[in-house]
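> Let's see this in three dimensions:
(one chain, ligands or ions: 2)
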Amino acid sequence: MYRKELDIALSAVSRAAKLCRDVQQTLVDAESVQKKDRSPVTIADFGSQAIISMALSAAFPEDPLVGEEDAVLLRKNDVLRGKVHNLVSNAIGAVDEDALIEAIDRGARDTNFSGRFWTVDPIDGTKGFLRGDQYAVALALIEAGRVVLGVLGCPNFNPEKWGANGAIFYAVAGGGAFAAPIEPGTPVGRNDLNAKPIRVDGTNRPEAARFCESVESAHSDHEVHRRICDRLGILASPCRIDSQAKYAAIASGEASIYLRLPRSSAYREKIWDHAAGAAVVTEAGGRVTDFSGSPLGFTEGRTLKSHRGILATNGRLHDGVLSAIQSTVAI
Ligand SMILES: Nc1ncnc2c1ncn2[C@@H]1O[C@H](COP(=O)(O)O)[C@@H](OP(=O)(O)O)[C@H]1O
Ligand SMILES: [Mg+2]
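Ligands and ions are numbered 1, 2, ... in the order given. Predicted coordinates for the structure are as follows:
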């Protein structure tokens, strides 16, 4: 099932991850004053969404794409457009500028969220990207509100284990979860010999669990997380990771619990921040729900409107963490 979809998604995400990696490298090499400059991330965001959108529309012209970016800024700004055009042409060969703009804008159109559509976060973890830390290129295919395929490119993920270019994590519903090192020059494929099945860890003792959360305290309430962890008797200090690399950490057994309670009760999570990661964790044997224990549903539009709080675990710990959450916070 979904063989062609997976092949296209893997190759598009690995090419986009390579583009992002090259741009992040120029940031890391630059003086600190330039690290505060957001333009590199902007260029890489557009470039990454363009590569993925073009690959999808060539292979699946009927499929809508819901992306984080649109091309409004690019249409107005010739210099920026020129830079993105160069970046993408260097990555995948000469492309027409109008086709590039159109590819980016495709992600901004309205769509039928109850049908089949793709969702992309071209750089998830922008803040991490700018700091030189973790980020992810995330792509998921959704059908009738359920994620049927998820791919997460994580160029800085555990280089000791996966090599200098990080890893790509992927899953198809019912088919298990896998990870493969990202090799520059060769996009990852479905039959990649270096791909390995991944699995959540087996701990059922919260005191032995490793727990992860966002680096950015503005993105989730670290203090409430700490109270939940105290109630569970978790001893280790939190592991703070940007982006959906947190889902990759749960799926590959490097952490057991991911908590995310937004600071503001008005904030709604974006679908592209969770769809791919949730598929990978679920297929690796874990569980992903909101704070009331409901599985995430993706029919509601660009946000997870009816869900508050995100909990991803190795599965065994899930009900215990949900009880601790519900005794700590009013959902
Ligand atoms: N106030 C807020 N509360 C929760 N999430 C937020 C937020 N502001 C931004 N985000 C989301 O947090 C994502 C990053 O998550 P993390 O903290 O896990 O790295 C951002 O994705 P982008 O970086 O793609 O914009 C953004 O969508
Ligand atoms: Mg994001």
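> so P206 makes contact with S323?
No: P206 is not in contact with S323 according to Cβ atoms under 8 Å; the separation is 10.7 Å. Every C-beta, even on glycine, is put in place using the N, C-alpha and C of the backbone.
> Comparing these two, which residue is more hemmed in?
Neighbour tally, P206 and S323, criterion other Cβ atoms under 10 Å: the higher count belongs to P206, 20 against 13.
> Name all residues that make contact with I234.
Contact analysis of I234 by Cβ atoms under 8 Å, 6 or more residues apart in numbering lists P206, E207, A209, F211, I257.
> switch the cut-off to 6 Å
P206, A209, F211 (Cβ atoms under 6 Å, 6 or more residues apart in numbering).
> residues contacting the residue lying closest to the second one once chain neighbours are set aside?
Nearest residue to A209 in three dimensions, chain neighbours excluded: S256, at 4.0 Å (Cβ to Cβ, 6 or more residues apart in numbering). Counting by Cβ under 6 Å, 6+ apart, S256 touches D201, T203, A209, R210, N314, L317.
> Then Y267?
No residues are in contact with Y267 under the rule Cβ under 6 Å, 6+ apart.
> Make 42 the first number, not 1, from now on.
Okay, residue one is now 42; in that scheme the one you just asked about reads as Y308.
> what helix or strand is it on?
For Y308, there is no enclosing helix or strand under DSSP states H and E.
> how many other residues sit next to whichever residue of the stretch 242-372 of the chain sits closest to ligand 2?
Distance from ligand 2 to each residue of the stretch 242-372 of the chain (Cβ to the ion) is smallest for D314, at 4.2 Å. By other Cβ under 10 Å, 24 other residues sit near D314.
> Please see if stretch 183-197 touches ligand 2.
No: if you take Cβ under 5 Å from the ion as the test, stretch 183-197 misses ligand 2, and the best it gets is 11.4 Å.
> Just confirm yes or no for that stretch near ligand 1.
No: for stretch 183-197, no contact with ligand 1 is found by Cβ under 6 Å from any ligand atom; the gap never falls below 11.9 Å.
> Send me that stretch as CSV with only the CA atoms.
Taking Å, rounded to 0.1, in the frame of the first residue of the first chain, the C-alpha atoms of stretch 183-197 are listed here in CSV:
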residue,chain,number,x,y,z
ILE,A,183,-4.1,12.2,5.3
GLU,A,184,-7.2,10.4,4.2
ALA,A,185,-10.6,10.9,5.9
GLY,A,186,-8.9,12.5,8.9
ARG,A,187,-6.4,9.7,9.4
VAL,A,188,-2.7,10.0,8.7
VAL,A,189,-1.8,7.1,6.4
LEU,A,190,1.8,8.1,5.7
GLY,A,191,4.3,10.2,7.5
VAL,A,192,7.9,11.2,6.7
LEU,A,193,10.2,13.3,8.9
GLY,A,194,13.6,14.4,7.7
CYS,A,195,15.8,15.3,10.7
PRO,A,196,19.2,16.5,9.4
ASN,A,197,20.7,17.0,12.9
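> any idea how far G326 is from the closest residue to ligand 2 within the stretch 142-291 of the chain?
Residue of the stretch 142-291 of the chain nearest ligand 2, by Cβ to the ion: D165 (3.5 Å). With distances taken as Cβ to Cβ, to the nearest Å, D165 is found 23 Å from G326.
> of those two, who's got more company?
More crowded of D165 and G326, by other Cβ under 10 Å: D165, with 28 against 19.
> Least confident secondary structure element in the chain?
helix 73-76 (a mean of 46; mean pLDDT, DSSP states H and E).
> What is the subsequent helix or strand relative to it?
Heading C-terminal from helix 73-76 (DSSP H and E), you reach helix 80-100.
> What about the closest residue to ligand 1 within the stretch 42-191 of the chain, how many residues nearby?
At 3.6 Å from ligand 1, T167 is the closest residue in the stretch 42-191 of the chain, using Cβ to the nearest ligand atom. Using other Cβ under 10 Å, the number of residues around T167 comes to 20.
> Good, we can wrap up now.
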